[in-house]
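Engineer: here's a sequence, model it:
(2 chains)
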Amino acid sequence: MRILMFGWEFPPHISGGLGTACFGLTKGLAKHGVDVLFVVPRAYGDEDEQAVRLVNASDVMFDLEDKEYKEFWSRVKYMEIGSNIIPYVAPEDFEKVVEKNKKSGQEFTSNVFSRRYQFSGKYGTNLMEEVARYALIASAVAQKEDYDIIHAHDWLTYPAGIAAKKASGKPLVVHIHATEFDRTGEDYNEIVYGIEKEGMEAADMVIAVSNLTRNTVINRYGINPDKVVTVYNAVEPVKSKETQAIKKNVKEKVVTFLGRITYQKGPEYFIEAAYKILQKDPNIRFVMAGSGDLLHKMIERVAALKIADKFHFTGFLKGDDVNHMFALSDVFVMPSVSEPFGIVPLEAMRINVPVVISKQSGVSEILKHALKIDFWDVDAMADSIYGLCNYDALSETFKKYGKEEVENLKWENAAFNVKMVYETAFR
Amino acid sequence: MKSICLYFQVHQPYRLRTYRFFDIGLNHDYYNEFANSSIMQRVAQKSYLPMNKLLLKLIKEYGSAFKVSFSLSGMALEQFEAYAPEALKSFQELAKTGNVEFLAETYAHSLSSLKDKDEFIRQVQMHAQKVEELFGQKPTTFRNTELIYSDEIGATVASMGFDVMLTEGAKHVLGWRSPNMLYTNAINPNLKLLLKNFRLSDDIAFRFSNQGWNEWPLTTNKFTRWLNELDKKDEVVNLFMDYETFGEHQWEETGIFDFMAALPGAIYKNTDLKFATPKELGKQLQPVAPVHVPYPISWADEERDITAWLGNDLQKEAFDKLNALHGKVKNISKPDIQRDWLYLQTSDHFYYMSTKWFSDGDVHKYFNPYGNPYDAFINYMNVLSDFTIRVENEGVHVDEELKDIKEAVSSMSEKAEKAVKKTTKAATKKVKKALEKGKELNFDDIKDMSDSAIKKLLREIDIETLTVALKDTKEDLTERIIPNLGARARKKYNELEKELKKVKKSDIKKYRKAIGDKLNELFGK
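Structural biologist: Residues are numbered from 1 along each chain as shown, chains lettered A, B, ... in the order given. This is a model prediction of the structure:
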């Protein structure tokens, strides 16, 4: 079986949860004998710091000599398409990024595509034009290449997926990592919603990363439940020696929030819980790692609550610093208001950090060894954190079984489920 | 004849390096050595050295007719010593001329006057001492960080023996009154106040090179014309500014050095003003009135208040958390803790956290090593967290020492108790021997007893009984008994004795007899 996949960044350097998921999935598929032609928009505007900072989670470095990795490449063909599409960027921000790059004198040349797909048009100045242009190139790719199924990840690549389907008549699978409602709440962008809906309707099968997301797809987009399947994400195992050498720097317990500091991640609930705990137990430090549009507001809140001596901000963490942060942590908290899946708690658990997660996250559907709370229930959150910090029996249990649990969440298994979806679509 | 008073502020903070959460508890090196040394060297080359040279030349040229005054913060002095000793030397040369007055300020260029009087006084004394060491003069004039002033701060400064203090001629404080006169503190009139003429000061310090200013370019002729236009009743023009104005804020290319070189000559030629130092003015001028400043003022920004340093929650939180450590820090003698305690108090750290000019931030941005106030806050709090841990760890040592002392004391008192028991035994024997001679003991016999025996007796009788029994008794007896009471018992006795006014003679007798009985019980057969 051969798949034409429209995805995101690719090894050896990946930033962002979606890129990590696409790579993990592709790797898993390779193990099941599925060949993938992987098409990514190669952004020439994304060097901008603002855009990079919008991206969440860990960088994953790859060992190019790795056998498995070589095996993987024998099954994957990789192709870049010159494009300004940047993941996680709203149409309004896109304009800003492009505008900024223009001012700084960065050139937008039109010959950055791979040799065969020279495209004469200028780069679009808005995201929608760019998405459409990407789709145009996609249909050209679709006609030249040979494959059985088209697989598109998230809305920016749906028009490409639809174009490819029209050009080739091959079945389309769209993969929902996040919907517009997850990104913006109720204040959603109609055009983005329209593209998402069109993609899901045109698709033969829809993959959602959790039942939470599956319900959104069915209820908010009116998609036939029969063609929507939940396939949970997984996590790459980590080499344990990497984190063992790290020494803890403070004697207090460390409780960490790590993610983009935006509305949907619920950072303010974390702060309120921290405040409650610190009134009772001064032997805990809280860390908010990450950056985002609410960062400054959160700093002001911490100062106003007068807990800034026990509540720390690290800013955006890159690469090894993420694992370093986990290694220093005694509890990880993900209080997301809306989280289609949420891979970060898995990353915490795999290096022995107990987690508290909101029930409003997709990952809470599969995790057993995590304390689950409603994101708004600050009291329950405070209780859980306090318990994990003070009752060793509890935290030890979570560490032991949590790691085991996460290690069983393999991309190989997720890929198998995706392969089953392909087969359904193919029929 | 009017006076003109030049006062220049020299200050450089110890800027912090990027200090991350991961550093807390592990790394105690807080300062950006590279930035601090290179900035100090650059400013010395561009500003301090050429301007000192110019002032020295003017003093040689005009002799005692040209005078200036300086305040150099302790932070600047330490950085001179470390990174630019040649600049310090040139200030010392200025000091030798006798035409330069050096003022006192808080050693750390801190905001301690707003929160912590003890720390404020400590830092002022520390700074005055440093100035005396380096420049050979004991400061009698005081200027607070950023010219911060209030009635209360002025009263504290007066109580420390300063004669003159400088502050801002803030409009909202002066109202219709002129800043160009000598005023006094509202609480203590012994402290005289010189107020900054902010219009003429800022014409040089801020507007000199501003080509959008309708008076640009500023010439000495124009400036002396303005001086001549001042009210006849005005007595002094106080030109107070940062010393970095010359060559750093206003580059050499703007002609600022040429302006200053020509200014004294133009003043002699065109006006009848004479140069004076704050100390001289405090003696020469008659104060016109007290000035009331219930809330602190400063020389910063349009508002002339303290909101540039303590205006938002971030600044207040950082400042409060820092000050909360004072009680512990003052008991720690470790030099590195004492050093960091000072360096972290420097007002600049709080200035960097100001959100007042978040949008346009020209002046603030110029001085700010951080991209935004939030980064400044995070970095400072990380450093402060590490410092807090160190201070608290020292606290543990102190506690341990205290424990050692307590143990030593308790073992000593044990020994003492044993010794007391021994002598008591001996005394008892003695008394018993006396009793064997057939003598019955009574209350008056106490005066012949040993201290240890009296102590033993006193343990057996309550203070109330004793107080009544001692009423109107002979002095020699009281003198034997009272010193043998414990501190607490003595206090109680004194209290009771005061309350006890009239007691029936029969009662006194009764109580004395009771004590006599006890005496026989203890020491009798």
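Engineer: in the chain, where is pLDDT below threshold?
Structural biologist: Picking chain A for this. Counting by pLDDT under 70, chain A shows low-confidence ranges at A:8-17, A:41-127, A:239-244.
Engineer: chain B was what I was after
Structural biologist: Those would be B:357-367, B:397-401, B:433-439, B:524-525, if you go by pLDDT under 70 across chain B.
Engineer: now the residue nearest the centre of it: phi and psi?
Structural biologist: Nearest residue to the geometric centre of chain B (Cα atoms, centre = their mean): residue B:120, 1.8 Å. Residue B:120 adopts backbone torsions of phi -60, psi -50, taken as degrees, to the nearest 10.
Engineer: measure the residue nearest to residue A:200 when sequence neighbours are not counted to residue B:413 for me?
Structural biologist: Distances taken as Cβ to Cβ, 6 or more residues apart in numbering or on different chains put residue A:223 closest to residue A:200, at 4.9 Å, once the chain neighbours are dropped. In this view, the C-beta of every residue, glycine as well, is placed from N, C-alpha and C. Remark: distance between residue A:223 and residue B:413 (Cβ to Cβ, to the nearest Å) = 86 Å.
Engineer: which one of these two has more residues nearby?
Structural biologist: Using other Cβ atoms under 10 Å in any protein chain shown, the more surrounded residue of residue A:223 and residue B:413 is residue A:223, with 21 against 10.
Engineer: show me what contacts the residue nearest to residue A:200?
Structural biologist: A:200, A:201, A:206, A:217 (Cβ atoms under 8 Å, 6 or more residues apart in numbering or on different chains).
Engineer: check for me that it belongs to a helix.
Structural biologist: No. Per DSSP: H, G, I helix; E, B strand; the rest coil, residue A:223 lies outside any helix segment and is coil.
Engineer: okay, stretch B:25-40 in CSV with CA atoms only?
Structural biologist: The C-alpha trace of stretch B:25-40 is given here as CSV (Å, rounded to 0.1, in the frame of the first residue of the first chain):
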residue,chain,number,x,y,z
GLY,B,25,20.1,26.7,43.9
LEU,B,26,23.1,25.9,41.8
ASN,B,27,24.7,29.1,40.5
HIS,B,28,25.3,32.1,42.7
ASP,B,29,26.9,34.3,40.1
TYR,B,30,24.3,36.9,39.3
TYR,B,31,26.0,39.7,37.4
ASN,B,32,26.8,40.3,33.8
GLU,B,33,30.5,40.9,34.2
PHE,B,34,30.9,41.6,30.5
ALA,B,35,28.2,44.2,30.2
ASN,B,36,29.1,45.9,33.5
SER,B,37,32.8,46.2,32.7
SER,B,38,32.3,47.2,29.0
ILE,B,39,29.6,49.7,29.8
MET,B,40,31.7,51.2,32.6
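Engineer: leaving out chain neighbours, which residue sits closest to residue B:228?
Structural biologist: Using Cβ to Cβ, 6+ apart, the closest residue to residue B:228 is residue B:271 (5.5 Å).
Engineer: from residue A:302, how far off is the residue nearest to residue A:358 when sequence neighbours are not counted?
Structural biologist: Excluding the flanking residues, the one nearest residue A:358 by Cβ to Cβ, 6+ apart is residue A:375, at 4.0 Å. Residue A:375 sits 19 Å away from residue A:302 when distances are taken as Cβ to Cβ.
Engineer: in terms of neighbours, single out the busier of these two.
Structural biologist: Applying other Cβ under 10 Å to residue A:375 and residue A:302 shows that residue A:302 carries more neighbours, namely 27 against 24.
Engineer: so what's the more buried one up against?
Structural biologist: A:271, A:308, A:311, A:313, B:317.
Engineer: and the residues you listed, which is closest to residue B:155?
Structural biologist: residue B:317 (28.7 Å; Cβ to Cβ).
Engineer: quick one, domains of chain A?
Structural biologist: Taking automatic domain parsing as the criterion, chain A consists of the domains A:2-234+A:410-426, A:241-407.
Engineer: give me whichever of the ones you listed is most buried.
Structural biologist: Mean neighbours per residue, mean count of other Cβ atoms under 10 Å in any protein chain shown, is largest over the domains of chain A for domain A:241-407, with a mean of 20.
Engineer: residue numbers of chain B in contact with chain A?
Structural biologist: Proximity of chain B to chain A (Cβ under 8 Å from any Cβ of the partner chain) is limited to residues B:20-26, B:312-314, B:316-318, B:320-321, B:372, B:374-375, B:377-378, B:381-382, B:384-385, B:388-389.
Engineer: what's the spacing between residue A:18 and chain B?
Structural biologist: 27 Å (Cβ to the nearest Cβ, to the nearest Å).
Engineer: need the residues of chain A near chain B, please.
Structural biologist: Within reach of chain B by Cβ under 8 Å from any Cβ, chain A has these residues: A:247-251, A:287, A:295-296, A:299-300, A:302-304, A:306, A:308-309, A:312-315, A:321, A:324-325, A:328.
Engineer: next step: those restricted to helices.
Structural biologist: Under the assignment DSSP state H, the residues of chain A next to chain B contribute A:295, A:296, A:299, A:300, A:302, A:303, A:304, A:321, A:324, A:325, A:328 to helices.
Engineer: which two in these are spaced the farthest apart?
Structural biologist: A:304 and A:324 (29.3 Å).
Engineer: residue B:425 belongs to a helix?
Structural biologist: Yes. When classified by three-state DSSP, residue B:425 is found to be part of a helix.
Engineer: gap between stretch B:66-77 and the chain center?
Structural biologist: From the chain centre to the centre of stretch B:66-77 is a distance of 18 Å (Cα atoms, centre = their mean, to the nearest Å).
Engineer: who are the contact partners of residue A:162?
Structural biologist: A:135, A:172, A:198, A:199, A:202.
Engineer: what about the strands in the stretch 151-300 of chain B?
Structural biologist: B:164-168, B:182-185, B:192-196, B:236-242, B:274-275, B:289-291 (DSSP state E, counting those that start in this stretch).
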